[in-house]
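Asker: Below are the sequence and a predicted model; questions follow.
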Amino acid sequence: MSDQVSRFLKYNFPLLAFGFWYTFFSSYGQTFLLSLYLPSIEDFFKISNTALGSIYAIATVGSALTLPWLGGYFDKAEVKRYSVFVVVGLIGALLLMSFAYHILFVVLAFYGLRLFGQGLMSHTSVSAMARYFTANRGKAISVATIGHPAGEAALPILITLLIGAVGWRSTLQLSALSCLVLVIPLAIILLKKSKARIRAYEMESHTDRKNFQRLSIWKVFGERRFWIIAPVVFILGFTNTAIFFFQLKLGEAKGWSPEWVAGSLSAFAVASAVGMLTSGPLVDRLTGKKLFPWFLIPYLAGLVVLISYDHRWVYPAALALMGLANGMGSTIKNAMLAEIYGAEVIGQIRSIFTTVMVVSTALGPITFGVLLDLDWSFGLIFGLGAVAMALTTLNGVRRIL
């Protein structure tokens, strides 16, 4: 590690740690973790895979439609209050799911988990990095988003053990308790220690929250650059979520044990971390605009590997390629949005593209489910996905500006 990077990490540790903390605990609303509760929910409420997938999709789309409204307030609200509000919402969703005895409350709980967990926890972290860092924005985003693979590596094992030991409802309640006693107090402490950097940004940019103005979503939709960026955001979330949602069925079709499938997720997590850490300095040197959307190429290679072979080592190898692309994309995409649209509206613009991503995560599982019900093989589905990703990459190569 160079002296320059060491100084960067040491000087900015509190704010970087805040970003990491929020992306780590966003796992409570991510599909890879929520999927561990699905068999218990399905068994308790006696509903089919299709019904449960539809409920999940409805809740996810609902959260996506809410996200531009709540996410945009990051540009107006004081960061500490906004951050605490997001965690309180996540706690409420976890508790609601834990006490749900009617399917309607399951829908509402999924809505809250997807909105506050997957959506706003990650949104708060990355928006803070993009706003408060300029010259080192790429490195800041890459460090903060390491929380995603860290959560992917650590939490599935912990949650699986807890569900087996105390049941799914108590596990959700313990998750809510962890947010209350760990996330909120530490976030307040870290932001207090970061007050000098936050104040410096506000003085440099002459930020005036009283003059906060909302971007026109329709104007953003009407711009050519939106239709270059959005398909890349969509295809990544769509494919990621669908694969994780049906990973046990994929393992069954390929002859892999559930334990092997679950353990292989660590390859995705480690590769994601590598992608994030390596792409940060690249972004600072080359800019996110120049690197976009080449990060999809490793993901495309991962799909080709899944199509071509059935050996059990294929799954961690494919996940490693996908994780590398996922990690690089997280840094490159978010830095690019700040470069193109400006840090002063990063909350609003990120919420719009996060909405695209969340919608894709709703459509991915239900699309794969329909195709599987029509007796399509995983090989055929992944082949179609590979073609779509290749076309998306070609579309993204066009100049954004």
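Answerer: Arrived safely.
Asker: Poorly predicted segments of the stretch 101-250 of the chain, please.
Answerer: 200-216 (pLDDT under 70).
Asker: Please enumerate the helices of it.
Answerer: Shown for the stretch 101-250 of the chain, the helices assigned by DSSP state H, counting those that start in this stretch span residues 103-112, 122-132, 137-144, 147-166, 168-178, 184-193, 195-205, 217-221, 226-245, 247-254.
Asker: by contact count, what packs against the helix or strand following the last one?
Answerer: Okay, so that is helix 247-254. Using DSSP states H and E, the helix or strand that follows helix 247-254 towards the C-terminus is helix 258-286. Helices and strands in packing contact with helix 258-286 are listed as helix 137-144, helix 147-166, helix 247-254, helix 288-291, helix 314-341; criterion 3 or more Cβ pairs under 8 Å, 6 or more residues apart in numbering; DSSP states H and E. Placement of C-beta: from N, CA and C, glycine included.
Asker: winner for burial among those helices?
Answerer: The densest packing among the helices and strands packed on helix 258-286, expressed as mean neighbour count by mean count of other Cβ atoms under 10 Å, is seen in helix 137-144 with a mean of 29.
Asker: Find the centremost residue of the chain, please.
Answerer: Nearest to the mean C-alpha position of the chain, counting by Cα atoms, centre = their mean, stands residue 118 at 5.8 Å.
Asker: do you know how far the residue nearest to that one when sequence neighbours are not counted is from residue 44?
Answerer: Closest residue in space to residue 118, ignoring its immediate chain neighbours: residue 29 at 4.0 Å, by Cβ to Cβ, 6 or more residues apart in numbering. The spacing between residue 29 and residue 44, counted by Cβ to Cβ, to the nearest Å, is 20 Å.
Asker: The two - which one has more neighbours?
Answerer: Here residue 29 and residue 44 are set side by side on neighbour count (other Cβ atoms under 10 Å), and the busier one is residue 29, at 25 against 14.
Asker: Report pLDDT for the more buried one.
Answerer: In this model, residue 29 is scored at 94, pLDDT.
Asker: tell me the contacts of it?
Answerer: Residues in contact with residue 29 (Cβ atoms under 8 Å, 6 or more residues apart in numbering) are 90, 93, 113-119, 121.
Asker: I'd like the residues you listed laid out as JSON lines, including distance to residue 379.
Answerer: Supplementary listing: the contacts of residue 29 in JSON lines, determined by distance: Cβ to Cβ, whole Å:
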{"residue": "90", "distance to residue 379": "38"}
{"residue": "93", "distance to residue 379": "37"}
{"residue": "113", "distance to residue 379": "32"}
{"residue": "114", "distance to residue 379": "30"}
{"residue": "115", "distance to residue 379": "35"}
{"residue": "116", "distance to residue 379": "37"}
{"residue": "117", "distance to residue 379": "32"}
{"residue": "118", "distance to residue 379": "29"}
{"residue": "119", "distance to residue 379": "32"}
{"residue": "121", "distance to residue 379": "35"}
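Asker: hmm, who's touching stretch 39-59?
Answerer: Against stretch 39-59 from outside (Cβ under 8 Å, 6+ apart): 34, 38, 103, 106-111, 113-114, 163, 167-168, 245, 362-363, 365-366, 369, 373.
Asker: is it true that residue 262 touches residue 160?
Answerer: Yes - counting by Cβ atoms under 8 Å, a contact exists between residue 262 and residue 160, whose distance comes to 7.3 Å.
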